[in-house]
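Visitor: Sequence first, predicted model second:
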Amino acid sequence: AHTSPTTFLTLYIFYPAVMSSFRKALKSRQRDHKERSQLGFRKHLGLLEKKKDYKLRADDYHKKQNTLAALRRNALDKNPNEFYFKMVNSQLKDGVHVEKPKEEVMTEEQKKLMRTQDINYVEMKRVSEAKKIERLKGELHLLDALGKQRNKHTFFVDTKKNVKEFDLAKHLNIVPELVDRVYNRPTVETLEKKSIQGVVDPQSVMKLAKQRKLQYETLSQRIDREKKMYVISQKIQMRKDLQDKTRKVKVKKETPGAAAIYKFDAKRKR
């Protein structure tokens with residue numbers, strides 16, 4: 001059969017569209033090639049690195065190398081005789097550059113105001129600690145706290161023989177295991193007639209004891225912090241009072257646990 005030029009031109013125009021759809025059809029049926037995971041006998045070596053992991057590591061390495069190269073180039077291009085402000089604000093002492101002391105430009109009123117603000121802030125934090133301490137004391141009751149003064153209970157007997165034969169557990173009518181406790185010591189009749197309420201298994205008892213000990217430690221830390229804040233506020237107040245021009249005499253030196261004590265001359269207020 002003879003093909004006309006017009007027909008040939010028409011086939012040529014539609015040829016790319018036919019090939020593109022054919023290529024898409026082939027891609028839809030082709031097999032996906034996936035990267036394999038780490039082999040079973042090599043799992044102790046960790047995950048097998050994929051290309052995306054290597055790409056991130058390589059990019060990070062090249063970025064750091066470029067940064068180091070830029071810093072080396074800046075150091076080589078720097079002029080050691082170029083002016084910078086350290087030349088004015090520092091001086092050479094024993095071969096070491098030391099910054100010159102700056103003069104204070106605050107007035108006495110500004111200093112007093114700053115002292116007052118510091119005192120207010122420290123007092124606010126101290127009051128906050130005191131409230132937390134009271135809350136913890138209300139929860140714990142300090143029945144078996146370490147360092148607490150032990151209460152005494154004196155028993156009177158008639159003879160020395162009775163002293164030697166005295167049995168505290170029998171006298172208080174309690175079991176011997178509860179003799180050393182200062183709280184919650186039920187009598188033998190109470191243990192026989194009533195059931196025990198609360199946790200009884202050893203693990204729960206040890207867990208509660210550990211929590212109670214932690215709360216006591218927290219309470220002790222908060223009490224120490226509150227005392228330190230009180231001392232700090234007293235020292236700040238004393239430094240504020242020393243700015244007054246009134247003549248004064250030191251009575252007691254400052255210590256880590258207390259502020260200094262001064263005696264000021266009586267000044268008549270107008």
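Guide: That came through fine.

Visitor: in the chain, what spans have low per-residue confidence?
Guide: For the chain, the stretches flagged by pLDDT under 70 are 1-19, 104-106, 141-150, 183, 196-200.

Visitor: where exactly do the helices run in it?
Guide: 5-29, 51-77, 86-89, 108-140, 160-164, 168-172, 188-193, 202-242 (DSSP state H).

Visitor: and those as a markdown table, adding distance to Ser37?
Guide: For the C-beta atoms, the positions are set from N, CA and C on the backbone; glycine is no exception. Formatted as a markdown table, those follow (distance: least, CB to CB, whole Å):
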| stretch | distance to Ser37 |
| --- | --- |
| helix 5-29 | 25 |
| helix 51-77 | 13 |
| helix 86-89 | 57 |
| helix 108-140 | 54 |
| helix 160-164 | 80 |
| helix 168-172 | 69 |
| helix 188-193 | 64 |
| helix 202-242 | 42 |
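
Visitor: Using TSV, lay out those helices together with distance to Leu39 and mean neighbour count.
Guide: Shown next, in TSV, are these (distance: least, CB to CB, whole Å; neighbours: other CB atoms under 10 Å):
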stretch	distance to Leu39	mean neighbour count
helix 5-29	30	9
helix 51-77	17	10
helix 86-89	60	10
helix 108-140	58	14
helix 160-164	80	9
helix 168-172	70	12
helix 188-193	65	11
helix 202-242	44	14
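
Visitor: quick one: the closest residue to Ala260 other than its chain neighbours and Asp244, what's the gap?
Guide: Nearest in space to Ala260, with sequence neighbours left out and distances taken as CB to CB, 6 or more residues apart in numbering, is Glu254 at 3.8 Å. Per CB to CB, to the nearest Å, Glu254 is found 18 Å from Asp244.

Visitor: With neighbour numbers in mind, choose between these two.
Guide: Neighbours of Glu254 and Asp244, each counted by other CB atoms under 10 Å, are more numerous for Glu254; the result is 15 against 12.

Visitor: For Ile261, see how far away that one is.
Guide: For Glu254, the distance to Ile261 - CB to CB - is 9 Å.

Visitor: related to what we said a few turns ago, nearest to His153, out of the helices of the chain?
Guide: helix 168-172 (9.2 Å; CB to CB).

Visitor: who does that closest one touch, helix- and strand-wise?
Guide: For helix 168-172, there is no helix or strand it packs on, judged by 3 or more CB pairs under 8 Å, 6 or more residues apart in numbering; DSSP states H and E.

Visitor: Render the CA-only coordinates of that helix in CSV, please.
Guide: Provided in CSV are the C-alpha atoms of helix 168-172 (Å, rounded to 0.1, in the frame of the first residue of the first chain):
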residue,chain,number,x,y,z
LEU,A,168,8.7,-2.3,128.5
ALA,A,169,6.7,-4.2,126.0
LYS,A,170,4.8,-6.0,128.7
HIS,A,171,4.2,-2.8,130.7
LEU,A,172,2.8,-0.9,127.7
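
Visitor: chain center to it: distance?
Guide: Centroid displacement of helix 168-172 relative to its chain, using CA atoms, centre = their mean, to the nearest Å, is 49 Å.

Visitor: how long is stretch 85-103 end to end?
Guide: One end of stretch 85-103 to the other measures 17 Å (CA to CA, to the nearest Å).

Visitor: need the contact list for the closest residue to Val249 other than its chain neighbours.
Guide: Once flanking residues are discounted, Val249 sits nearest to Lys263: 5.0 Å by CB to CB, 6+ apart. When contacts are counted by CB atoms under 8 Å, 6 or more residues apart in numbering, Lys263 touches 248-249, 251.
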